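1. sharing a model that was predicted from the sequence below.
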Amino acid sequence: MAENIYSFTRRNMFQYILIILFLSVGLKANEVFQFAEEFPQVIMNDDQISNAFTGGLNKPKIQWLDHDEDGDIDLFLSDMDGHLRYYENSGNSSEYNFILKYSHFQDIIPAGWFAFRDLNMDGNLDLATQNMSALWGSYSGIRLYTNTNGEYQVETDTLFTISGDPMLSGV
């Protein structure tokens, strides 16, 4: 009799393992999906936005830089609406806490791209953007903003095409 029980168990052991495997996978599949809590915290109008970087934007362009010079990385973000948003990191370099400071940063409207670089070699990050007018105009469409004590001023173009159109800024 003991031999028959052993044979029965051994014969069906593979089936028991498969049943347990399918049950565990089925139970796991019924769990509700959640985003990991690894996203930086974003505060807008004193309300925390859950999973701020998982949607709501069409084609975002981002730049990470220490804009406020406090030793941590801040975030600049532009989307198809043309607004340049500035999120200040009020945390530190290892624990981020992004707070929207400006949804229309200094009324600068980058049409497609933007880049912060020290273009005039004065130690301050300047800004180059695609000029919105370039989408309809005939010139290159690069607009330059120089940083003077945190205020960005558009540079007046000194180069013009033969027809008199500005080559860079469109101003």
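-> Received it, and whenever you're ready, just let me know what you need.
2. so where's this protein shaky on pLDDT?
-> Low-confidence segments of the chain, defined by pLDDT under 70: 1-14, 16, 18, 20-40, 49-58, 132-141, 157-160, 166-171.
3. quick one: the strands in it?
-> 41-44, 47-49, 61-65, 74-78, 84-89, 97-102, 114-117, 126-130, 142-148, 151-154 (DSSP state E).
4. so for residue 161, which of those strands sits nearest?
-> strand 142-148 (13.5 Å; Cβ to Cβ). In short, each C-beta sits where N, CA and C put it, glycine included.
5. and the closest one, what's buried?
-> Within strand 142-148, the residues that count as buried by 16 or more other Cβ atoms under 10 Å are 142-145, 147.
6. what about the helices in the protein?
-> With DSSP state H as the definition, the chain shows helices at residue ranges 2-29.
7. and the closest residue to residue 41 other than its chain neighbours, how far from residue 66?
-> Distance criterion Cβ to Cβ, 6 or more residues apart in numbering; nearest residue to residue 41, sequence neighbours excluded, is residue 97 at 5.1 Å. Separation of residue 97 from residue 66 (Cβ to Cβ, to the nearest Å) stands at 15 Å.
8. how about residue 125?
-> 9 Å.
9. distance to residue 19 added to the strands of the chain, as JSON lines?
-> Shown next, in JSON lines, are the strands of the chain (distance: least, Cβ to Cβ, whole Å):
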{"stretch": "strand 41-44", "distance to residue 19": "44"}
{"stretch": "strand 47-49", "distance to residue 19": "44"}
{"stretch": "strand 61-65", "distance to residue 19": "49"}
{"stretch": "strand 74-78", "distance to residue 19": "50"}
{"stretch": "strand 84-89", "distance to residue 19": "51"}
{"stretch": "strand 97-102", "distance to residue 19": "48"}
{"stretch": "strand 114-117", "distance to residue 19": "58"}
{"stretch": "strand 126-130", "distance to residue 19": "61"}
{"stretch": "strand 142-148", "distance to residue 19": "66"}
{"stretch": "strand 151-154", "distance to residue 19": "66"}
